[in-house]
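*Asks:* coords below, sequence missing:
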């Protein structure tokens, strides 16, 4: 009975099934599921090799300058009000100047739109491009949030492969074969998540030329920019903005090791004015007009963080990642059922192939990771979460000693479950 009246038979509201479907496979969701498999009686510490957030580890503490910049901005009382929906001018200018250092032309502050982390930048451009019948080309393996957001926005997803035998380069022939008159964009993640690869200049130029031929724009996910430690230096996709329109998404999350600060950007590389002519820039502004902004005091700290972070901080982080990547690559070679096609050169991850035929008692990569969590308290992301079943994505961005411990446990786990000869 409701307030003394007759009982209601039908409520007129229900949940949005599209949201449930779109978020069916996300990195956070899979990691939460794996955490539920941990043995509560296990005395050893959990080794987190599943996500790209090393901020809790001493070796990856952010620079004090960034912390002081946040405190100063907050205490100044200059940033307590609402921000412009596109970002405050000093922060937009700082991002433009910061990114222009790597480009053959200068970005304008008007090319920069500040977002709540790189995630909101991704949401913005996917939403802007979504229209009935349109499709977007995404890498496999890749970052599953693109699939989730595209699905929620009714934007059809088509996958092109990254080729492990070619250092995870884009299969450009597949891109051309997948594209049709309704294709609007392709996504390139560089440095690579989940593969740890770094695309060379010549390959990125071919990507730009292919996109131009197809009449589509390139979304360049560069959240791991400059976190490189191999032979290939980081080359921003914006270098090729005169060939094809580029939308770059990025943030301070990874390079400064502060993913919880949620400060990112969407940047248009459009020296020929194509994105303006096609209405993309106005649509980006429209999206930002109906959503939230990064905290204003966070934006107020951006100029100091981008302009004055000491170079030795970046050197320390990159050297730590390089050391951990080498430990990871060397230790993986000791595990017979796991194969690494190429040594990681950037980001915080490596993709490895799981040979279940050498093991007993596993149905697939997810089953492997669940039992690894239960028996060894090691969390590794199953490859199916990023588009490659029976692969694993291993994060090496943790303390080197913890990484060594985690991989030793994984080796013992695999030996214990090895198929008897």
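*Replies:* That came through, no problem. Because the structure is predicted, anything quoted here is derived from the model rather than measured.

*Asks:* Now stretch 195-202: buried residues?
*Replies:* Applying a neighbour-count criterion of 16 or more other CB atoms under 10 Å, one finds 195-200 buried in stretch 195-202. For every residue, glycine as well, the C-beta is placed using N, CA and C.

*Asks:* Residues contacting it from elsewhere in the structure, which ones?
*Replies:* With contacts defined as CB atoms under 8 Å, 6 or more residues apart in numbering, stretch 195-202 is touched by 141, 162, 164, 167-170, 188, 190-192, 207, 228, 230, 232-235, 239, 325, 342, 344-351.

*Asks:* what about it, how long is it end to end?
*Replies:* 19 Å (CA to CA, to the nearest Å).

*Asks:* Report the rounded mean pLDDT for that stretch.
*Replies:* Stretch 195-202 carries an average pLDDT of 98.

*Asks:* just curious, which of the buried residues of stretch 195-202 is nearest to residue 61?
*Replies:* Distance to residue 61, by CB to CB, is smallest for residue 196 among the buried residues of stretch 195-202, at 22.6 Å.

*Asks:* Neighbours of residue 214, how many?
*Replies:* Number of residues near residue 214 (other CB atoms under 10 Å) recorded here: 19.

*Asks:* Could you do the one 4 residues further on as well?
*Replies:* The local packing of residue 218 (other CB under 10 Å) involves 26 other residues.

*Asks:* Show me where the protein dips below the pLDDT cut-off.
*Replies:* Confidence mapping of the chain against pLDDT under 70 gives the ranges 1-8.

*Asks:* got the buried residues for the helix ranked longest in the chain?
*Replies:* In the chain, assigned by DSSP state H, the helix with the most residues is helix 311-332. Buried residues in helix 311-332, defined by neighbour count with 16+ other CB under 10 Å: 313, 317-318, 320-322, 324-325, 327-329, 331-332.

*Asks:* So what touches stretch 79-92?
*Replies:* Contacts of stretch 79-92 (CB under 8 Å, 6+ apart): 73, 109-110, 112-114, 265, 285, 288-289, 293-294, 296-297, 299-300, 302-303.

*Asks:* mind listing what's buried in it?
*Replies:* Buried residues in stretch 79-92, counted by 16+ other CB under 10 Å: 79, 83, 85-88, 91-92.

*Asks:* For this protein, which segments count as helices?
*Replies:* According to DSSP H, the helices that the chain contains are 17-22, 27-35, 64-75, 89-100, 117-129, 145-152, 172-178, 201-214, 274-277, 280-289, 296-308, 311-332, 365-376, 400-416.

*Asks:* closest to residue 405 among the buried residues of stretch 195-202?
*Replies:* residue 196 (20.6 Å).

*Asks:* what's the nearest residue to the closest one if we skip its chain neighbours?
*Replies:* Among residues not flanking residue 196 along the chain, residue 344 sits closest, at 2.9 Å (CB to CB, 6 or more residues apart in numbering).

*Asks:* I figured the one you found hits residue 326, correct?
*Replies:* No - under the criterion of CB atoms under 8 Å, residue 344 makes no contact with residue 326, lying 9.1 Å away.

*Asks:* buried set for stretch 154-173?
*Replies:* For stretch 154-173, burial by neighbour count (16+ other CB under 10 Å) applies to 155, 157-162, 164, 167-172.

*Asks:* Make JSON lines from those residues and add distance to residue 101 to it.
*Replies:* JSON lines is the format used below for the buried residues of stretch 154-173 (distance: CB to CB, whole Å):
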{"residue": "155", "distance to residue 101": "33"}
{"residue": "157", "distance to residue 101": "34"}
{"residue": "158", "distance to residue 101": "35"}
{"residue": "159", "distance to residue 101": "34"}
{"residue": "160", "distance to residue 101": "31"}
{"residue": "161", "distance to residue 101": "33"}
{"residue": "162", "distance to residue 101": "28"}
{"residue": "164", "distance to residue 101": "32"}
{"residue": "167", "distance to residue 101": "26"}
{"residue": "168", "distance to residue 101": "27"}
{"residue": "169", "distance to residue 101": "26"}
{"residue": "170", "distance to residue 101": "26"}
{"residue": "171", "distance to residue 101": "32"}
{"residue": "172", "distance to residue 101": "29"}
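
*Asks:* Between all of the residues you listed, which two are separated the most?
*Replies:* Spatial extent of the buried residues of stretch 154-173 (CB to CB) is set by the pair 155 and 167 at 29.0 Å.

*Asks:* so what's the residue lying closest to residue 322 once chain neighbours are set aside up against?
*Replies:* Nearest residue to residue 322 in three dimensions, chain neighbours excluded: residue 229, at 3.6 Å (CB to CB, 6+ apart). Taking CB under 8 Å, 6+ apart, we find residue 229 in contact with 318-319, 321-322, 325, 345-346.

*Asks:* Tell me how far residue 229 lies from residue 148.
*Replies:* 30 Å (CB to CB, to the nearest Å).

*Asks:* returning to what we had before: if any of the contacts of stretch 79-92 are buried, put those into a ChimeraX selection.
*Replies:* To isolate the buried ones among the contacts of stretch 79-92 in ChimeraX, judged by 16+ other CB under 10 Å, type:
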select :73,109,112,113,114,265,288,293,294,296,297,299,300,302,303
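
*Asks:* How many residues are close by the nearest residue to residue 208 once chain neighbours are set aside?
*Replies:* Nearest non-adjacent residue to residue 208, counting by CB to CB, 6+ apart: residue 240, 3.7 Å away. By other CB under 10 Å, the residues close to residue 240 number 25.

*Asks:* And residue 240, how far from residue 278?
*Replies:* Plainly put, residue 240 is 18 Å away from residue 278 if you go by CB to CB.

*Asks:* Residue 264 versus residue 251, what's the distance?
*Replies:* Distance, residue 251 to residue 264, by CB to CB: 3 Å.

*Asks:* Of those two, which one has the most company?
*Replies:* Taking other CB under 10 Å, residue 251 and residue 264 do not tie; residue 251 has more neighbours (27 against 24).

*Asks:* Who are the contact partners of the more buried one?
*Replies:* Residues near residue 251 by CB under 8 Å, 6+ apart: 115, 117-118, 121, 223, 263-265.

*Asks:* Please tell me which one of the residues you listed counts the most neighbours.
*Replies:* Using other CB under 10 Å as the neighbour test, the contacts of residue 251 are led by residue 115, with 29 neighbours.

*Asks:* Go ahead and confirm that residue touches residue 252.
*Replies:* No - checked against CB under 8 Å, the pair residue 115 and residue 252 is beyond contact range at 11.5 Å.

*Asks:* Touching both of the two, which residues are there?
*Replies:* Between them, residue 115 and residue 252 have residue 264 as joint contacts when contacts are counted by CB under 8 Å, 6+ apart.

*Asks:* Cool, thanks, signing off.
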